[in-house]
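Novice: heads up, no residue letters with this:
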């Protein structure tokens with residue numbers, strides 16, 4: 001198999017501040033920033049092109065005026081047969097757009113997990129922050145900022161320098177004459193976020209045997225589906241009103257025919273499964289055993 005080298009371009013990491021403007025930066029912080037920035041670029045490449053993509057970052061040079069580090073960026077694949085570039089037109093311009101979109105997402109979230117993430121039909125998601133603001137971004141961007149490698153990297157080359165003397169950071173593309181920029185007051189937004197990524201979201205109609213009802217608002221009921229016991233909240237207000245009024249009463253072995261929503265998500269590599277009864281279709285009373293009279 002032949003190697004594939006699809007992107008060869010220059011990116012500049014630029015720091016501004018009192019010492020940086022003189023072309024100086026703490027040597028330990030500079031070294032950590034160089035490694036972290038390379039890790040960040042690699043995390044983006046692997047998320048949008050695949051884990052087999054090979055990314056090489058070489059330092060082109062360090063310039064003065066501000067503290068600027070030029071990186072020579074090469075992205076290819078170990079094998080042509082596995083390269084996403086064969087079927088994808090993504091090139092350096094699109095790659096740089098992902099850099100800007102990840103910055104946009106971190107700035108939008110302000111260091112907190114999203115309030116809601118709603119998958120769309122066009123490979124994008126609507127992401128709501130805790131201020132109630134909503135943006136629409138590519139699904140791959142969510143995967144990138146949820147990636148622990150990317151989260152740890154931005155904390156090292158963005159957050160820490162901005163908290164210790166650097167006033168502004170930019171990633172620049174001389175070729176595209178474009179940049180992604182972060183200011184000092186935004187430093188704490190750039191860190192690893194416990195991001196919940198939606199994997200599946202389905203609705204099914206099924207029968208659930210009631211194991212343990214609850215009459216305290218907000219608590220979950222315990223059900224048995226024939227194989228497993230689990231907790232689920234009930235979102236059918238009409239049914240809950242009947243329960244509160246005493247119209248619905250329950251006995252051992254009763255079954256609810258329901259429309260059940262099953263949502264699977266991933267948070268930092270851990271799988272989560274959430275079940276919710278969105279509609280109670282029917283309440284089936286368990287048959288009573290007839291008493292034998294002698």
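Specialist: Now that the structure is in, tell me what you want to look at. Predicted model, so just to flag it, every value in this text is computed and none were measured.
Novice: what is the mean pLDDT for stretch 16-26?
Specialist: Mean per-residue pLDDT for stretch 16-26: 85.
Novice: If you could redo that for stretch 41-54, that was the one I meant.
Specialist: In this model, stretch 41-54 has a mean pLDDT of 81.
Novice: buried residues in it?
Specialist: Within stretch 41-54, the residues scored as buried using 16 or more other C-beta atoms under 10 Å are 41-49, 53-54. Using the backbone N, CA and C atoms, a C-beta is placed for each residue, glycine as well.
Novice: Among those, name the ones in helices.
Specialist: Using DSSP state H, 41-49 are the members of these that sit in helices.
Novice: Closest to residue 207 out of the residues you listed?
Specialist: residue 47 (40.9 Å; C-beta to C-beta).
Novice: isn't that closest one right next to residue 144, touching?
Specialist: Yes - if you go by C-beta atoms under 8 Å, residue 47 and residue 144 touch, sitting 4.8 Å apart.
Novice: Give the pairing partners of the helix or strand containing residue 257; include direction for each.
Specialist: Using DSSP states H and E, residue 257 maps to strand 255-267. Using DSSP bridges, strand 255-267 pairs in its sheet with strand 196-212 (antiparallel), strand 270-284 (antiparallel).
Novice: And the shortest one, what's buried?
Specialist: Think strand 270-284. In strand 270-284, counting by 16+ other C-beta under 10 Å, buried: 275-277, 279-280, 283.
Novice: can you give me the offset of that strand from its chain's centre?
Specialist: The chain centre lies 24 Å from the centre of strand 270-284; the measure is C-alpha atoms, centre = their mean, to the nearest Å.
Novice: Show the average pLDDT along that strand.
Specialist: For strand 270-284, mean pLDDT rounds to 89.
Novice: Same question for the longest one.
Specialist: Average pLDDT, strand 196-212: 87.
Novice: moving C-terminal of it, what's the next helix or strand?
Specialist: strand 221-224.
Novice: Show the residue spans covered by the helices in the stretch 1-150 of the chain.
Specialist: 27-49, 92-109, 139-146, 148-154 (DSSP state H, counting those that start in this stretch).
Novice: which helices and strands does the first one pack with?
Specialist: The reference is to helix 27-49. Counting contacts by 3 or more C-beta pairs under 8 Å, 6 or more residues apart in numbering; DSSP states H and E, helix 27-49 is packed against strand 4-17, strand 53-63, strand 67-77, helix 92-109, helix 139-146, helix 148-154, helix 160-162.
Novice: ok so, going back, hey, what's in contact with both of residue 47 and residue 144?
Specialist: Here residue 47 and residue 144 have residue 150 as joint contacts, going by C-beta atoms under 8 Å, 6 or more residues apart in numbering.
Novice: still on that earlier bit, wait, which of the buried residues of stretch 41-54 is closest to residue 128?
Specialist: Distances from residue 128 to the buried residues of stretch 41-54, taken by C-beta to C-beta, are shortest for residue 47, at 21.9 Å.
Novice: List the contacts of that closest one.
Specialist: By C-beta under 8 Å, 6+ apart, residue 47 lies in contact with 140, 143-144, 147, 150.
Novice: who's residue 166 bridged to?
Specialist: Under the criterion used (DSSP bridges), residue 166 bridges to residue 17.
Novice: so who does it touch?
Specialist: Applying C-beta under 8 Å, 6+ apart to residue 166 gives the contacts 15-17, 20, 184.
Novice: distance between the strand holding residue 257 and the chain's centre?
Specialist: Counting by C-alpha atoms, centre = their mean, strand 255-267 comes out at 21 Å from the chain centroid.
Novice: How is residue 246 assigned, secondary-structure-wise?
Specialist: Recorded secondary structure, residue 246: coil (DSSP: H, G, I helix; E, B strand; the rest coil).
Novice: quick one: it from residue 161, how far?
Specialist: Relative to residue 161, residue 246 is positioned 63 Å away (C-beta to C-beta, to the nearest Å).
Novice: When these two are compared, which one has more neighbours?
Specialist: More crowded of residue 246 and residue 161, by other C-beta atoms under 10 Å: residue 161, with 27 against 7.
Novice: Check the contact between that one and residue 30; I expect there is one.
Specialist: No - with contact defined as C-beta under 8 Å, residue 161 does not reach residue 30; the gap is 9.0 Å.
Novice: so what's in contact with the two at the same time?
Specialist: With C-beta under 8 Å, 6+ apart as the test, residue 161 and residue 30 reach no residue in common.
Novice: Sketch out the low-pLDDT regions of this protein for me.
Specialist: 1-7, 64-65, 76-90, 195-198, 267-270, 288-294 (pLDDT under 70).
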